[in-house]
Structures are given as C-alpha cells and as structure tokens.
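A.B. asks: this is a predicted model, with the sequence first.
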Amino acid sequence: MNILVMRFSAMGDVALLTPVLVAIASKHPNLQIILATRGNYSPFFYNIPNVHVIGYNLKKYKGLSGMWKLYKEISVFGPFDKIIDLHASLRSKIFGYLFRIKKVPVFTIIKGRRDKRKQTRRRRKILTKLPHTVDRYLKVFEKAGFSANIRKGSWINVDLESKIYAKNYFKSIGIIKKDKLWIGFAPFAGHKLKEWPIYKSEKLIELILKEFDSALFLIGSTDEMTLIKKTVDTDDLPNCYIVNGGNYGLRGELGIMEKLDLIIGMDSSNLHIAALMNKPVIGIYGTTHPYSGFGPYMQEDLGVLQIDNLSCRPCSIYGNTTCYRKDFACMELIDPVDVIQRIKLILKKK
C-alpha cells in the first residue's frame with residue numbers, strides 16, 4: 001500500500017513526526033510512505049524504513065497556479081491509496097479536495113484550536129493538558145487504519161554526512177577528544193516573545209562555565225549568532241564555542257547535537273529536536289505552555305522550566321503575540337540560577 005503524508009512546516013512540527021513514522025514503519029513493514037515536506041527537513045527521517053521524503057521549496061509554488069503545479073508533481077509518486085494530512089493548512093486542504101475527486105480517502109489532523117483558544121484567552125482561562133502533537137499525529141494514522149505504539153527514543157538518527165560535519169567542526173575549534181561535560185544552549189526562538197531576555201542568557205553562560213567542568217556550545221542561525229557575539233565575547237570565555245547553523249546546515253547541526261550531553265533552549269525547534277534525539281533537555285517556557293501539546297517529547301517533567309502561578313500564562317500557542325502586561329513576567333521571573341539548579345538535578349538523576 002502506498003500512502004501520502006503531508007506536513008510542510010514548521011521545523012519543530014515536522015521533526016515531531018519522527019516518533020510516529022518510526023512506529024508506523026515498524027508495525028506496518030509493507031506500507032510505503034511518501035512524505036511531502038520542505039526539502040531541507042529530510043535529515044530528520046534518515047534510516048526510517050519505507051519512508052521516502054519528497055522535499056520542496058515552497059517559495060517556488062505561489063498562488064493557485066503554484067499549488068496546482070505542486071499537486072501535479074506530488075501526484076507523480078502515486079497512485080496513493082490514502083492521504084494523511086497532518087498540516088490542515090489551506091494548501092493541504094486544497095490538495096485533499098483534489099485527491100478526493102479521484103476517490104482517494106483523506107484523513108486530516110484535528111488540531112484542537114478551540115481548546116487552545118480557551119488556554120490563551122485573557123479571562124476564564126481553562127488550562128487543561130491537551131494531547132501532545134505526536135499523539136495528534138498518531139491519531140490520524142489510527143483513523144486511516146494504521147495503529148502503532150511509540151517505542152523508546154531516540155527517534156532522530158544522524159547519517160554519515162552529519163557525523164563528518166561534526167568531526168570537522170570539533171577539529172576546527174581544537175577539540176580532539178571529549179574530556180568534560182558538553183552542554184548546548186540555544187538562546188533564540190522563532191518568535192521574540194518565546195525568548196529569554198538576552199541579559200539572562202549572558203548570565204547563564206557565565207554561570208555554566210563557572211559551575212561545571214564543561215564545554216558550552218551556543219546554537220543558532222547566522223543572524224542569531226551575530227547578535228549573541230555583540231553581547232557575549234566568546235573569545236574571552238574559555239570552553240565557550242559558537243555553532244553557526246548557517247555554516248553547517250541542518251545535517252551539521254544534528255551531528256554536533258548528537259555529541260552533546262545536555263541541551264538548554266527556549267520553546268523552539270532546537271529544543272524539540274534535542275528531545276527527539278533522546279538528549280536531556282531544559283526548555284524555558286514563558287508565553288507558551290507545554291500543556292498546549294508542544295512540550296519536549298517524553299521530557300515534560302524535568303525538561304520544562306516555567307513559572308506556574310501566573311494567571312496570564314499561556315497567552316499564546318506559538319509566541320506570535322505581545323505581552324499585554326508589558327512586564328514579560330513569565331520570562332523575567334525565571335532566573336539563570338534556576339537553570340543551574342535544574343542542570344544539577346538532571347545530572348544527579350542521570
């Protein structure tokens with residue numbers, strides 16, 4: 001049987017597909033899965049049997065004519081027996097309609113938008129724990145007739161190219177062997193309101209290098225690392241290194257992250273990717289909340305650092321809003337010392 005799975009963006013949401021596809025591929029070995037997504041996300045799905053990633057640069061498919069062209073290109077990999085729409089965007093719904101015309105059954109994710117609005121409204125907030133995004137994905141496959149159980153991670157594996165990128169990176173910064181704790185820190189996110197104030201990130205960097213016999217790797221894009229360099233002089237900080245995703249790409253970043261012992265981040269793709277690689281994580285949550293279904297997968301206890309007694313939280317699902325209180329209390333009240341204590345707790349447990 002040949003099925004099409006659609007999930008185009010964002011990066012963290014696409015990465016969260018990996019536990020599901022690993023489970024489905026294991027339970028249904030005769031199933032051929034065509035995954036339509038953004039082209040640069042294919043490294044997430046390395047070594048998953050019978051999963052074939054068809055990557056696209058969506059900027060080339062604008063407007064109705066672009067969607068029609070993309071639909072025709074995807075159809076070449078058919079015929080499909082079933083369609084799994086895990087995006088539920090306008091684009092994927094149009095594709096679903098076109099496949100239904102051809103009598104192909106389409107199964108679409110239910111994102112729970114109404115329940116999420118109840119979480120984020122200012123008054124009469126209802127903060128109940130909603131299904132994790134991974135569980136919502138799995139539910140769609142179950143409706144399509146493909147049940148499976150999630151196995152233990154890790155769920156993202158790195159290929160040989162990623163390992164070579166990592167080896168070359170560590171060699172370039174003069175690290176030949178691992179003789180101390182390696183900690184990753186991704187201080188940025190896709191939306192500013194999900195980010196810790198930069199002065200707190202600076203303080204955390206200093207505390208980590210003071211408290212632990214460690215090497216600290218700052219993870220981010222080219223623009224993000226340019227910003228951090230303006231406030232943190234890494235040249236004067238022994239054992240503090242820049243991991244510029246713009247130089248190494250997703251493959252290189254995955255290879256480097258595989259070597260780390262613990263990763264700290266905001267509610268961002270880096271945090272979710274690290275959790276899917278089965279790395280101990282500490283996610284700093286403010287505007288958003290793990291109860292919305294976006295906690296670090298299988299690490300929603302020690303892996304989440306947040307202020308619990310703020311009635312305004314969460315005010316957003318994705319962080320694409322403004323702080324109506326104007327004091328950014330959800331992030332300001334989390335101290336770098338809190339992160340240090342959580343690191344010690346995780347290391348003691350490990």
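C.D. replies: Thanks, I have the structure now. Residues are numbered from 1 along each chain as shown.

A.B. asks: where along the chain do the strands fall?
C.D. replies: 2-6, 32-38, 51-56, 82-85, 106-108, 181-186, 214-220, 240-244, 262-266, 281-284, 304-305 (DSSP state E).

A.B. asks: against which helices or strands is the third one packed?
C.D. replies: Right, strand 51-56. Counting contacts by 3 or more C-beta pairs under 8 Å, 6 or more residues apart in numbering; DSSP states H and E, strand 51-56 packs against strand 32-38, helix 63-75. C-beta coordinates here come from the backbone N, C-alpha and C atoms, glycine included.

A.B. asks: residues in contact with it?
C.D. replies: 8, 21, 25, 32-42, 45, 70, 73-74, 77 (C-beta atoms under 8 Å, 6 or more residues apart in numbering).

A.B. asks: mind running it again at 10 Å?
C.D. replies: 2, 4-5, 8, 17-18, 21-22, 24-25, 31-46, 70, 73-74, 76-77 (C-beta atoms under 10 Å, 6 or more residues apart in numbering).

A.B. asks: buried ones only from these, please, as a PyMOL command.
C.D. replies: Those of these that count as buried under 16 or more other C-beta atoms under 10 Å are selected in PyMOL with:
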select buried, resi 4+5+8+17+18+21+22+24+25+31+32+33+34+35+36+37+38+41+42+43+44+45+46+70+74
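
A.B. asks: turn the helices and strands packed on strand 51-56 into a markdown table, including mean pLDDT and distance to Ile284.
C.D. replies: Shown next, in a markdown table, are these (pLDDT from 0 to 100; distance: least, C-beta to C-beta, whole Å):
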| stretch | mean pLDDT | distance to Ile284 |
| --- | --- | --- |
| strand 32-38 | 96 | 26 |
| helix 63-75 | 93 | 37 |
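
A.B. asks: quick one: which of these is nearest Lys203?
C.D. replies: In terms of C-beta to C-beta, the element of the helices and strands packed on strand 51-56 nearest to Lys203 is strand 32-38, at 35.4 Å.

A.B. asks: what angle separates the closest one from strand 2-6?
C.D. replies: 20 degrees (axes from the mean of the first three to the mean of the last three C-alpha atoms, to 10 degrees).

A.B. asks: strand 32-38: how far from the chain's middle?
C.D. replies: 18 Å (C-alpha atoms, centre = their mean, to the nearest Å).

A.B. asks: what does stretch 232-242 give?
C.D. replies: The mean C-alpha position of stretch 232-242 is separated from the chain mean by 26 Å, C-alpha atoms, centre = their mean.

A.B. asks: equivalent analysis for stretch 40-57, please.
C.D. replies: On C-alpha atoms, centre = their mean, the centre of stretch 40-57 falls 15 Å from the chain's centre.

A.B. asks: for that stretch, C-alpha coordinates in CSV please.
C.D. replies: Extracted C-alpha coordinates of stretch 40-57, given in CSV (Å, rounded to 0.1, in the frame of the first residue of the first chain):
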residue,chain,number,x,y,z
ASN,A,40,15.8,20.8,4.0
TYR,A,41,13.9,18.7,6.6
SER,A,42,14.8,15.3,5.1
PRO,A,43,17.7,14.6,7.6
PHE,A,44,15.1,14.1,10.3
PHE,A,45,13.9,10.9,8.6
TYR,A,46,17.2,9.2,7.9
ASN,A,47,17.1,5.4,8.3
ILE,A,48,13.3,5.1,8.8
PRO,A,49,12.4,2.0,6.6
ASN,A,50,10.0,2.7,3.7
VAL,A,51,9.7,6.4,4.3
HIS,A,52,10.5,8.4,1.2
VAL,A,53,10.9,12.1,1.7
ILE,A,54,9.9,14.3,-1.2
GLY,A,55,11.3,17.8,-0.4
TYR,A,56,10.0,21.0,-1.9
ASN,A,57,11.0,24.7,-1.8
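
A.B. asks: right, I'll call it a day here.
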